[in-house]
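# The following comprises the amino acid sequence and a computationally predicted model.
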Amino acid sequence: MPNRPRGNKQIRPGLRPRARGRPGPDSVKSLLARSGPVTAPIAAHASRQLGWRQWLDERLPPPFSARVTGVVERAGALVIFTESAGWAVRLRYALAELDTELRRSHPAVRHVTVRVLPRGSPG
């Protein structure tokens, strides 16, 4: 036998309407924009990645910037990801020409690694 429909489903316990003047739930974007103990390192990491990306875009020839899928600095190493093995080889040669400028402007970077990470890959 089917359950009997309840009278007014709009006002059930726990689902009461919000009081006036009380803000609604925060969006994910607004929560991530706040700097807190959890989000501050994430924001700093994203800022460093953006800085590296801009630095590379200014110095590499145009075809390379479209092929770079990510840049990460970790433990004295700069890891640059590109979309294919062919572009990784080309990027290694282009970075060899920028080696002295990179080390002069970023002395904390001891070595540069190029890896393959196709677009859309989880990473």
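Received it, and whenever you're ready, just let me know what you need. Numbering: from 1, shown residues only.
# where exactly do the helices run in this structure?
28-33, 39-59, 62-67, 85-97, 99-105 (DSSP state H).
# Can you pull up the most central residue in this structure?
By CA atoms, centre = their mean, the chain has its centre lying nearest to residue 46, at 5.4 Å.
# Pull the contacting residues for it.
Residues counted as contacts of residue 46 (CB atoms under 8 Å, 6 or more residues apart in numbering): none. To be clear about C-beta, it is placed using only N, CA and C from the backbone, and glycine gets the same treatment.
# Kindly report the same for the one 10 residues further on.
Applying CB under 8 Å, 6+ apart, we find residue 56 in contact with 64-65, 68, 71, 80.
# Show the buried residues in those residues.
For those, a burial check counting by 16 or more other CB atoms under 10 Å picks out 64, 68, 71, 80.
# and the third one, what are its bridge partners?
The partner list for residue 71 in beta bridges (DSSP bridges) reads residue 80.
# Read off the pLDDT value for it.
Predicted confidence (pLDDT) for residue 71: 92.
# now the buried ones among the contacts of residue 56 in CSV, with distance to residue 89?
CSV is the format used below for the buried ones among the contacts of residue 56 (distance: CB to CB, whole Å):
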residue, distance to residue 89
64, 12
68, 14
71, 18
80, 13
